[in-house]
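In: take this sequence and fold it.
(one chain, ligands or ions: 1)
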Amino acid sequence: MRSATARAHSNIALVKYWGKRDAELNIPAVGSISMTLSGFHTTTTITEHDLDEDIVFLDGSPAPSAMTERTARYLDLLRKRTGVARRIRTETTNNFPTASGLASSASGFAALATAFNAAFDLGLDPRRLGILARLGSGSAPRSLFAGFVEMLAGRNEDGEDAFAVPLAPQDHWDIRLLVAVNGSATKKVGSTKGMERTRETSPYWDAWIATHAKDLDAARRAIRDRNFELLGKTAEADALAMHAAIMASRPSVLYWNPTTLECIRTVFDLRESGVPCYLTIDAGPHVKVLALPEHSDQVAKRLREINGVAGVYPHRPGPGAAIIPSEGGSTS
Ligand code: DP6
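Out: Okay, here's the model as predicted:
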């Protein structure tokens, strides 16, 4: 039985991906730039089997049906593109609270694609692996790499130029990203749906696309030059522009709750008092805060004091996806 175990770390976009230029091939409408997180990861073991359907386990129990279906659909795409015919048992664990609504699709699909590549000895290069990971989730290719990563939107209709590339390694820059977990309700409008609604109905869609291109340039420069203020300002403005476009959709989509606003206010207050820190928010209520190492404890303490914040998890730039040899590797 061929089998492999891979681990991929979560990532948070500092310049966001929001919108698709091709929903079927899952090609992003815009590029994005992320930091891979040191502390949150997904570990996935895949094993071929003789049953006639794929089975999926999450944290040791049969996965919820929506996750099983999404995984099986994704495995169908992998099989079609690689010629592998076997059905698969997937066992996946997240070391972060899955029920908290923190995105696990990026690390999940990056780990799955990496394990698939190893189990079936496909020898895919990072570009091809990125294209396969993208078919699972648009943010997944970024989790293949360590440190700071750019996802290219590309131009080709077939999506062959839409994959992730590393921008800077883990040890390039010691900055911190603090994830303030707040609330556990699963989102009413998932990112895939939210993106489509924004593109189709938001009067600010075109403005989002226009400002975003400049944000990508600025963030690339900021990372290269280790310019914290430029990266922070760019990341915060880009996230707020994305949420403004999302909120203006018809009907509106609102990912925030009162604790989200408290966190935003706290970051603004900290900055006014001379502590450089900047926020970003994804398709959910959690606020993520960029800080320098010397301010990380102080910022975390202030965030923890906010009513409704369940936990604050600080991260350094983390490693890329990798095979875990002791538990797997191809055994064919
Ligand atoms: C707001 O990668 O979850 O987190 O491609 O439809 O699976 P799909 O979307 P997904 O969207 C991530 C959106 C975001 C911003 C980001 O991570 O860049």
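In: show me what residue 90 is bridged to.
Out: residue 46, residue 56 (DSSP bridges).
In: surely it is in contact with residue 58?
Out: No: contact criterion Cβ atoms under 8 Å: residue 90 and residue 58 do not qualify, at 9.0 Å. Yep, even glycine has a C-beta here, placed from its N, CA and C like the rest.
In: please say which of these two ends up with more neighbours.
Out: Using other Cβ atoms under 10 Å as the criterion, residue 90 and residue 58 rank with residue 90 on top: 25 against 19.
In: what's residue 198 in contact with, if anything?
Out: Neighbouring residues of residue 198 by Cβ atoms under 8 Å, 6 or more residues apart in numbering: 18-19, 205, 208, 245-246, 249, 253.
In: sorry, that was for residue 127
Out: Taking Cβ under 8 Å, 6+ apart as the test, what residue 127 contacts is residue 163.
In: in stretch 112-126, which residues are buried?
Out: By neighbour count with 16 or more other Cβ atoms under 10 Å, stretch 112-126 contains the buried residues 112-120, 122, 124, 126.
In: still on that earlier bit, output the contacts of residue 198 in a markdown table, with pLDDT and distance to the ligand appended to each entry.
Out: Shown next, in a markdown table, are the contacts of residue 198 (pLDDT from 0 to 100; distance: Cβ to the nearest ligand atom, whole Å):
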| residue | pLDDT | distance to the ligand |
| --- | --- | --- |
| 18 | 98 | 6 |
| 19 | 98 | 9 |
| 205 | 98 | 15 |
| 208 | 96 | 12 |
| 245 | 98 | 12 |
| 246 | 98 | 9 |
| 249 | 98 | 14 |
| 253 | 96 | 11 |
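In: all helices of the stretch 201-332 of the chain, in order?
Out: Using DSSP state H, counting those that start in this stretch, the helices found in the stretch 201-332 of the chain span residues 205-225, 228-247, 258-272, 296-304.
In: quick one: the strand or helix carrying residue 73 to chain centroid distance?
Out: Using DSSP states H and E, residue 73 sits in helix 65-82. In terms of Cα atoms, centre = their mean, to the nearest Å, the centre of helix 65-82 is found 19 Å from the chain centre.
In: kindly report the same for stretch 58-66.
Out: That offset, for stretch 58-66, works out to 20 Å (Cα atoms, centre = their mean).
In: CA atoms only for it - export them in CSV, please.
Out: C-alpha atoms of stretch 58-66 as CSV (Å, rounded to 0.1, in the frame of the first residue of the first chain):
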residue,chain,number,x,y,z
LEU,A,58,-10.2,14.5,10.9
ASP,A,59,-8.4,14.4,14.2
GLY,A,60,-9.1,10.6,14.5
SER,A,61,-12.8,10.6,13.7
PRO,A,62,-14.7,10.4,10.4
ALA,A,63,-14.7,13.9,9.0
PRO,A,64,-17.9,16.0,8.6
SER,A,65,-19.6,15.2,5.3
ALA,A,66,-18.8,18.6,3.8
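In: what's the mean pLDDT across the helix holding residue 73?
Out: For helix 65-82, the mean pLDDT works out to 95.
In: quickly check: it near the ligand or not.
Out: No: Helix 65-82 stays clear of the ligand (Cβ under 6 Å from any ligand atom), getting no nearer than 9.2 Å.
In: ok, of the contacts of residue 198, which come out buried?
Out: Applying 16+ other Cβ under 10 Å to the contacts of residue 198 flags 18-19, 205, 208, 245-246, 249, 253 as buried.
In: count of neighbours near residue 55?
Out: 17.
In: that one reaches residue 68, doesn't it?
Out: Yes: between residue 55 and residue 68 a contact is recorded at 7.4 Å, counting by Cβ under 8 Å.
In: so what sits against both of these two?
Out: residue 62.
In: for the residue lying farthest from the centre of the chain, give me its contacts.
Out: Distance to the chain centre peaks in the chain at residue 50, reaching 32.7 Å (criterion: Cα atoms, centre = their mean). Residue 50 is in contact with residue 87, counting by Cβ under 8 Å, 6+ apart.
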